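Novice: My questions are about this predicted structure, shown below with the sequence.
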Amino acid sequence: MNYIIVAIFVMCSIVGTAFQYLDVGLAAQDAKITPSTQRIVVGSCLDQNKPQPCWRTIMKFQPDLLILCGDNIYGDSRDVEKLKRDWEILDSNPDFSKLRKSTQLLATWDDHDYGENDAGRDFPIKKQSQKLFLDWLQEPEDSARRSREGVYAVTTHGPSGRRVQVILLDTRYHRSELTEMKLERSEVPGWNGPYVPSSDRDQQMLGEEQWKWLATVLKEPAGLRLLVSSIQLIPEEHSWEAWLTMPLERERLISLLRTTNAGGVIVISGDRHAAEISKLPQRDSGISYPIYELTASSLNASFNIGDEPNRYREGKKLGCVNFGTVDIDWNSGIDAEIQLAIHNAESGEKLQEVNFPLSSIQN
C-alpha cells in the first residue's frame, strides 16, 4: 500500500521545489501540482549537543516530508551569536545534513529555539532570532516570512483530490504573558505545572494579523490539513504551556475551524518531551467531525512525566525518545486511509497507532 508517513518535528522550513508557500495575497492561487504525498515524519525537541540517532532512523522511513514542530535546538540565550552557533551545530550533524538533502523540510519554532524558556512577544531579540531561524531554513530572501512579524506559513502538496495542506503556526512572536499560579502546587491536587488558565480577553496567542491569515488559508481547498502548533491544543488537564492557558484563544481557534468549514484537520504538536494522540469529539467542539492531535516529542531529550491526566487521550502517553508519522493510503479504495503513529526515535519501532478513513474527518 502507498502510505504517507508524516514525521512531525516542530520546525517550519521548506527545502526543495515540491512545496509552495502561500501568502494571504496568494491564497486564491492553485498550488504547484506535485506527486501525492505518501510519507510524512514529524517531531520536536532536539538537543543539538546530544547524540542524534533519530536522523538515521527517520532516513530509513524515506519520508516525502519532514515537519519539525519547534525546539529544534536548545539555544536559550539573548546572545545572537550564541544562537547562531547552536543552529550551526545542528547543521553540522552529518546525518541531519544528509536527511535534509534527501527530504523536503518544513519547520516552525517554539520557545527554546526562539531563544528563552516560555518566552513570548516581549522577548527582546525576537527579530534577530527570526532572521537566524529563517537563515537556517534557507528561506529565500523574497519570502513573505522574511517581511512579516513571525514565522507562520502554509504549504500545499499534491494534485486536486489528493491535496495536503500544512499550516505552520507561530505561537511565540505575538503571544502575551501567561498567567502564573499563585498557590503552591501541593495546594492544587493534580496541578503539575506553573500556569493557570486565564479569562483575560486581552491575552493573545497568535496576534491579529496571524488570525486573519489563518482564516484565509483555512478556506483553501485541501483534502487533508495538518495544523502545526508548537504547543498542544486539545489536552487541557495539565498546567504547562499549551492553548489551555488561554481558554478564549483556544475556543477562538476551534470556532474558526467550525465557521470556515475547514475539513480534514489534524493537529500536530510537540513541546511536551513525551508523545500522545488525543481526540476531541464533536460534542466538545461543535465541529462536525472529531479532531485528532498527534503530539511528537522529543527526538533526543525525552522526560518521564508520569501518568498525566488527559481525558481526550487515545492509548498511552509515551516517555521515550520518539517521532510521529502520518500515513496516508490514497489507494485503499474510494476513501483514503489515515494512520497516526508514534515511533521510538532510536529503533523506529511503532509504539502506538490510530487508524481512520479520511472521510471520517470531513464536514
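Specialist: Alright, I've got the coordinates.
Novice: Point out the other helices and strands that whatever helix or strand I254 lives in packs with.
Specialist: Element membership of I254 [criterion: DSSP states H and E] is helix 247-259. The elements that helix 247-259 packs onto, with contact taken as 3 or more CB pairs under 8 Å, 6 or more residues apart in numbering; DSSP states H and E, are helix 208-217, helix 282-285. C-beta: built from backbone N, CA, C; applies to glycine.
Novice: Could you check the angle that helix makes with helix 208-217?
Specialist: Computed with axes from the mean of the first three to the mean of the last three CA atoms, to 10 degrees, the direction of helix 247-259 lies at 20 degrees from that of helix 208-217.
Novice: for the helix or strand following helix 247-259, what is the average pLDDT?
Specialist: In the C-terminal direction, the helix or strand that comes right after helix 247-259 (DSSP H and E) is strand 265-269. Averaged over strand 265-269, pLDDT sits at 99.
Novice: which residues pair with the spatially most central residue of the chain across the strands?
Specialist: Central residue of the chain (CA atoms, centre = their mean): V228, 3.2 Å from the mean position. When bridges are taken as DSSP bridges, the partners of V228 come out as L168, I268.
Novice: and the nearest residue to Y312 once chain neighbours are set aside, which of the three is it?
Specialist: Ranked by CB to CB, 6 or more residues apart in numbering and with sequence neighbours excluded, the top spatial neighbour of Y312 is S278, at 4.3 Å. Secondary structure for S278, judged by DSSP: H, G, I helix; E, B strand; the rest coil, is strand.
Novice: what number of residues lie near S278?
Specialist: Applying other CB atoms under 10 Å, we find 24 residues neighbouring S278.
Novice: One more: P51?
Specialist: Using other CB under 10 Å, P51 has 9 neighbouring residues.
Novice: Just the pLDDT for it.
Specialist: Each residue has a pLDDT score; the one for P51 is 98.
Novice: residues contacting the spatially closest residue to it that is not a sequence neighbour?
Specialist: Spatial nearest neighbour of P51, chain neighbours left out: N300 (6.7 Å); criterion: CB to CB, 6+ apart. Counting by CB atoms under 8 Å, 6 or more residues apart in numbering, N300 makes contact with C45, L46, D47, K50, P51, Q52, P53, C54, V321, A345.
Novice: surely the fourth one meets S302?
Specialist: No: taking contacts as CB atoms under 8 Å, K50 lies outside contact range of S302: 11.1 Å.
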